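Visitor: here is a sequence together with a model predicted from it:
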Amino acid sequence: MRNKDRNGDSEPVEIPIDGTLDLHTFNPREVKELLPHYLEACREKKIFEVRIIHGKGTGVLRKTVHSLLDRLPGVASYKLAGGDAGGWGATIVQLKLAS
């Protein structure tokens, strides 16, 4: 992903691969490209449970995330997070074991 610096120039942003992806820091247009790459990076690191924080808001970003998850072959299942993990502002994704 890219981030604009003070001069408006675009520079890469390092995303920690730790099983939690907070989408608040990204432009919603970037999610379609970001999410599959992040989930694949998690699988490569043997992280098979991922929390995606999309926020509560109007639900548009949540619907986008869920629509993407429905189409990704590496996703085993997903559900809204419990109250201690963000409730309906986050989604817990179970990834298929790497083969």
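Guide: Nice, thanks for sending it over. Just so it is clear, the structure is predicted and the values come from calculations on it, not from any experiment. Numbers count the residues shown, from 1 in each chain.
Visitor: so what touches stretch 91-98?
Guide: Contacting residues not belonging to stretch 91-98 are listed as 39, 42-44, 46-52, 54, 62, 65-66, 69, 73-82, 85 [C-beta atoms under 8 Å, 6 or more residues apart in numbering]. C-beta here means a position set from N, CA and C on the backbone, and glycine is covered the same way.
Visitor: mind running it again at 10 Å?
Guide: By C-beta atoms under 10 Å, 6 or more residues apart in numbering, the list of residues contacting stretch 91-98 from outside reads 19, 21, 35, 39-40, 42-54, 62, 65-66, 69, 72-82, 85-86.
Visitor: quick check: end-to-end length of stretch 18-36?
Guide: The first and final residues of stretch 18-36 sit 15 Å from each other (C-alpha to C-alpha, to the nearest Å).
Visitor: state the mean pLDDT of it.
Guide: Taken as a whole, stretch 18-36 has an average pLDDT of 93.
Visitor: so which of the contacts of stretch 91-98 belong to helices?
Guide: Counting by DSSP state H, the contacts of stretch 91-98 place 35, 39-40, 42-44, 62, 65-66, 69 in helices.
Visitor: are any of the contacts of stretch 91-98 buried, and if so which?
Guide: 19, 21, 35, 39, 42-43, 48, 50-54, 62, 65-66, 69, 74-75, 78, 81, 86 (16 or more other C-beta atoms under 10 Å).
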